[in-house]
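> Structure of the sequence below:
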Amino acid sequence: MESQKEARTFPETAARPPGAASSQTPDEKEQQEDGTAPAAAALDTEADIAGADGLWELPVEPVERRPECSRCSRPQKVCLCPYLPAHPLNISTHLYIIQHPAEENKVLRTVPLLAACLPQDRCKVKIGRRFSEERDPELSTVCRNSGTLILYPGADAANLEEFILDSPVYPSTIIIIDGTWSQAKDIFCKNSLFRLPKQVQLKTSVSSQYIIRMQPANRCLSTLECAAAALSILEKDSSIQETLLRPLRALCSFQLQHGAQIRLSKEHLLKNGLYPKPLPKNKRKLRKMELLMNSIKI
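Below is the predicted model of the structure:
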């Protein structure tokens with residue numbers, strides 16, 4: 001965090017509020033430098049200060065935010081509700097989104113669109129970095145339930161489609177972490193609760209349709225895309241995925257029409273020699289980039 005510079009107050013400016021202007025003619029400036037400031041200049045300064053003092057009592061008007069749609073959380077002028085289902089999807093699976101606090105105020109976030117498509121009692125968003133049984137008994141109970149899965153890729157993660165075929169208990173709940181890849185890793189690794197559910201991942205070669213935001217690799221999907229794929233599998237209904245992706249496509253299309261650019265993945269940029277930054281000197285980060293270039297899963 002950048003250190004704040006201490007404000008310095010000089011004798012000249014201590015008597016004048018910020019923004020109070022001081023105008024001098026060349027003759028007056030020359031007389032002030034000789035130590036003989038004219039009385040007229042002093043009177044003008046006092047008048048300026050008296051006039052400025054009245055400004056401090058004026059109420060400060062808060063900056064008005066653009067009105068937001070209550071359903072899709074987008075500004076009303078660019079509401080995406082026409083692309084949402086007329087009624088929330090009828091699903092039996094409970095979805096828990098664990099959202100990193102940094103994602104909450106981002107403009108182009110996908111979780112509000114996802115939540116707008118699902119029943120309120122089937123989609124819950126929990127914001128935070130650290131969770132425990134004491135802080136969140138509800139989440140603790142969910143994580144200890146044998147029918148709960150957590151969608152997070154890794155060596156120990158089972159293929160979701162294969163897992164449900166052999167699972168003795170059909171999954172009723174799935175947890176998805178929302179954040180950048182480093183934020184998601186931090187949340188998963190530093191919360192022991194998330195090691196209790198069965199860890200699963202999606203086996204797909206489909207590239208992300210969230211083309212206005214850069215992904216590490218072509219196969220990396222946004223939170224909405226992950227939820228769409230997972231719910232389609234768990235509900236055994238492929239139309240769910242299409243319904244959930246419709247507002248995401250509309251969002252990307254609108255942004256591209258208004259100046260946004262298609263963001264290619266780091267994997268694509270590296271493979272084609274288009275990566276705009278110098279390669280990192282950190283060996284761990286450099287190794288990750290090498291894996292991307294060789295299409296090896298990180």
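> the strands in the stretch 151-298 of the chain, which residues?
Counting by DSSP state E, counting those that start in this stretch, the stretch 151-298 of the chain has strands at residues 158-159, 173-178, 198-201.
> Of those strands, which is nearest residue 245?
strand 173-178 (15.4 Å; Cβ to Cβ). The C-beta positions use only the backbone N, C-alpha and C, and glycine is treated the same way.
> which residues in the chain form helices?
Using DSSP state H, the helices of the chain run over residues 11-14, 26-33, 39-53, 111-117, 137-144, 160-166, 181-189, 223-235, 239-257, 266-271, 283-293.
> what's the pLDDT at the closest residue to residue 128 other than its chain neighbours?
Closest residue to residue 128 apart from its sequence neighbours, by Cβ to Cβ, 6 or more residues apart in numbering: residue 101 at 6.7 Å. Each residue has a pLDDT score; the one for residue 101 is 95.
> these two touch, right, residue 126 and residue 99?
Yes: assessed by Cβ atoms under 8 Å, residue 126 is found in contact with residue 99 at 6.9 Å.
> Looking at those two, which has the bigger crowd around it?
Between residue 126 and residue 99, counted using other Cβ atoms under 10 Å, residue 99 has the larger neighbour count: 20 against 15.
> Where does pLDDT dip in the stretch 101-250 of the chain?
214, 216-219 (pLDDT under 70).
> what's near enough to touch the nearest residue to residue 152 once chain neighbours are set aside?
In space, and not counting its chain neighbours, residue 152 is closest to residue 188: 5.3 Å by Cβ to Cβ, 6+ apart. By Cβ atoms under 8 Å, 6 or more residues apart in numbering, the residues touching residue 188 are 150, 152, 177, 194.
> So what pairs up with the first one in the strands?
As for beta bridges, residue 150 partners with residue 175, residue 199 under DSSP bridges.
> Count the residues that sit near it.
Residue 150 has 23 neighbouring residues, counting by other Cβ under 10 Å.
> domains of this structure?
76-263, 266-297 (the TED database).
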